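[1] pasting the sequence and the predicted coordinates here, then a few questions.
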Amino acid sequence: MGTKANSLLAGMEDTPRGRILAAAAHLFQKKGFERATVRDLAQAVGMQSGSIFHHFKTKEEILRNVMIEVIRFNTERMEQELKNAKDIRGKVLALMKSELQSVNGETGEAMAVLIYEWRSLKPESQQEILELREVYEQMWLNVFDDAKEAGLIEEDVDTFILRRFITGALGWSNFWYKPGGALDISALAEKSLSLVLKGKC
């Protein structure tokens, strides 16, 4: 099982539930939700297939919980980074860095599952994820609105649309960014910041 999946549920890996979710994040990302079987998952965590259902009723419930955990994990991390930021510029940078870490770091597999396996969820599960995601997205919009008010973003820029563009740009970095290369995540976040804010960053 990949190290990214192992790190996703830090503090939970010593429980059967945590091991199942970590293995599921890896398997669903590598094989896809439909192709990954409960037998695959049970083998990855060293359980009998039937034992999985002592912790989760269905495979879809496992998928839903992987998504819930990754959103909560990254929301909490972003909240902490925002608290440590000293000014508006620092807050935008904190958002950039946090999202790049979530996509390219220890939660990368689960983030990919969140993005690409969305349609595998039942409508009621999608609604639950959307509500959690709304909290995460509102943090971005609040900071962008503050940056706009401070004159760091052009007055005619729609911050909602700006966020949509940033979502795509940062999410796509998973396909071309190579950890250990010329840029680390902090440097990449700084360069990304210069594309969003006015003036010299």
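    Now that the structure is in, tell me what you want to look at.
[2] distance between stretch 94-110 and the chain's centre?
    Centroid displacement of stretch 94-110 relative to its chain, using Cα atoms, centre = their mean, to the nearest Å, is 6 Å.
[3] before we move on, what about stretch 73-84?
    With Cα atoms, centre = their mean as the basis, stretch 73-84 stands 12 Å off its chain's centre.
[4] list the buried residues of that stretch.
    Within stretch 73-84, the residues scored as buried using 16 or more other Cβ atoms under 10 Å are 73-75, 77-78, 81-82. Glycine gets a C-beta too; all of them are placed from N, C-alpha and C.
[5] for this structure, just list every one of the strands.
    With strands called from DSSP state E, the chain shows none.
[6] low-confidence ranges, it, go.
    1-14, 199-201 (pLDDT under 70).
[7] quick one, helices of it?
    3-8, 16-31, 38-45, 49-52, 59-84, 88-104, 108-116, 123-149, 159-172, 185-194 (DSSP state H).
[8] list just the one of the ones you listed that sits closest to residue 178.
    helix 88-104 (9.0 Å; Cβ to Cβ).
[9] keeping just the C-alphas, turn the closest one into CSV.
    Extracted in CSV, the C-alpha atoms of helix 88-104 (Å, rounded to 0.1, in the frame of the first residue of the first chain):
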residue,chain,number,x,y,z
ILE,A,88,-3.8,38.8,3.6
ARG,A,89,-0.9,37.9,1.2
GLY,A,90,0.1,35.3,3.7
LYS,A,91,-3.4,33.9,3.9
VAL,A,92,-3.6,33.5,0.1
LEU,A,93,-0.2,31.8,0.1
ALA,A,94,-1.3,29.5,2.9
LEU,A,95,-4.3,28.5,0.8
MET,A,96,-2.1,27.8,-2.2
LYS,A,97,0.4,25.8,-0.3
SER,A,98,-2.2,23.8,1.6
GLU,A,99,-4.1,22.8,-1.6
LEU,A,100,-0.8,21.9,-3.4
GLN,A,101,0.1,19.7,-0.4
SER,A,102,-3.3,18.0,-0.4
VAL,A,103,-3.0,17.2,-4.1
ASN,A,104,0.6,16.3,-4.3
